[in-house]
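Participant: build me a structure from this.
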Amino acid sequence: MATIADNIQEQHRRISTACVLAARPVQSVTLLVVSKTFPGSAVREAFAAGERRFGENYVQEGLDKLAELADLRSQLEWHLIGPLQSNKTRPVAEAFDWVHSVDRLKTAQRLSEQRPSHLPPLNVCLQVNISGEASKSGLAPGEVAGLARIVAQLPRLRLRGLMAIPEPAADPEAQRHPHRALAVLLRDLNAQLGLQMDTLSMGMSADLEAAIAEGASMVRVGSAIFGQRKSA
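Facilitator: Down below sits the predicted model:
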């Protein structure tokens, strides 16, 4: 039976192969290990296998895990990748290193106000509903520029890029379309607004190859590392 370390090695192999096929440096893509619903012990296994970046979907679960793994805090980078309600921004601003799911000005403003001054700026990505799904959070593509312009000016935040969770598709070419649209949006925003966003958080266990082919800089992988997710 494959171990967490074995699975991590396999994901790095997938990333390397996809980068070669896309004529991209392997170092241009970061693996974000998504540890939601899995225990701190699983994070420790992934840490022992060399991983340092971990993503959590749920605020309280993430905070509990940060506390459990406090002895590793200086060596880990914690990313909130799930929805963030404005009334839960303070503990996130105080504890996390990245937030991928900003899609409202109020949320960004609160994160900015509540980020402790002794910490580095909080890295944020704007979440884009790139497939236009009614059930998904995120900004419509046409709304991104307005929010990006403001967030880029907020103190204690660093606007790093865009995040999306495209509608699932089985066909590799169909998988590439929304990723391509997000990459074009990032490029256009940088040009139009004079920004220097460098992060495309897109691609998961099932579609990371398609995402890398279209320019992903960070792929979020959970089930392919830890196994099928337990219900939250």
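Participant: contacts for the lengthiest helix in the chain, please.
Facilitator: Using DSSP state H to define each element, the chain has its longest helix at helix 172-193. Helix 172-193 is contacted by residues 128, 130-131, 141, 144-145, 148-149, 152, 161-162, 164, 166-167, 169, 195-197, 200, 202-203, 207, 209-211, 213-216 when judged by Cβ atoms under 8 Å, 6 or more residues apart in numbering. The C-beta positions use only the backbone N, C-alpha and C, and glycine is treated the same way.
Participant: just the residues you listed: which are in strands?
Facilitator: Gly161, Leu162, Leu200 (DSSP state E).
Participant: list just the nearest of the residues you listed to Gly82.
Facilitator: Nearest to Gly82 among the ones in strands among the contacts of helix 172-193: Leu162, at 16.2 Å, using Cβ to Cβ.
Participant: so who does that closest one touch?
Facilitator: 125-128, 144, 182, 185-186, 189, 197, 199-202.
Participant: next, format the residues you listed as CSV and append neighbour count and pLDDT.
Facilitator: Shown next, in CSV, are the contacts of Leu162 (neighbours: other Cβ atoms under 10 Å; pLDDT from 0 to 100):
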residue, neighbour count, pLDDT
Cys125, 27, 98
Leu126, 30, 98
Gln127, 26, 98
Val128, 26, 98
Val144, 23, 98
Leu182, 26, 98
Leu185, 21, 98
Leu186, 25, 98
Leu189, 22, 98
Met197, 20, 98
Thr199, 20, 98
Leu200, 27, 98
Ser201, 28, 98
Met202, 31, 98
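Participant: quick one: which of the residues you listed is nearest to Phe47?
Facilitator: Ser201 (21.1 Å).
Participant: so where's the protein shaky on pLDDT?
Facilitator: 229-232 (pLDDT under 70).
Participant: which residues of it fall in helices?
Facilitator: 4-21, 40-48, 59-68, 89-95, 105-114, 144-151, 172-193, 208-213, 223-226.
Participant: just to revisit the earlier point, put the buried members of the contacts of helix 172-193 into a ChimeraX selection.
Facilitator: This is how ChimeraX selects the buried members of the contacts of helix 172-193, with burial counted by 16 or more other Cβ atoms under 10 Å:
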select :128,130,131,141,144,145,148,152,161,162,164,166,167,169,195,197,200,202,203,207,209,210,211,213,214,215,216
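Participant: rewinding a little: just send the ones in strands among the contacts of helix 172-193 back as JSON lines, with distance to Glu77 too.
Facilitator: Below are the ones in strands among the contacts of helix 172-193 laid out as JSON lines (distance: Cβ to Cβ, whole Å):
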{"residue": "Gly161", "distance to Glu77": "15"}
{"residue": "Leu162", "distance to Glu77": "19"}
{"residue": "Leu200", "distance to Glu77": "17"}
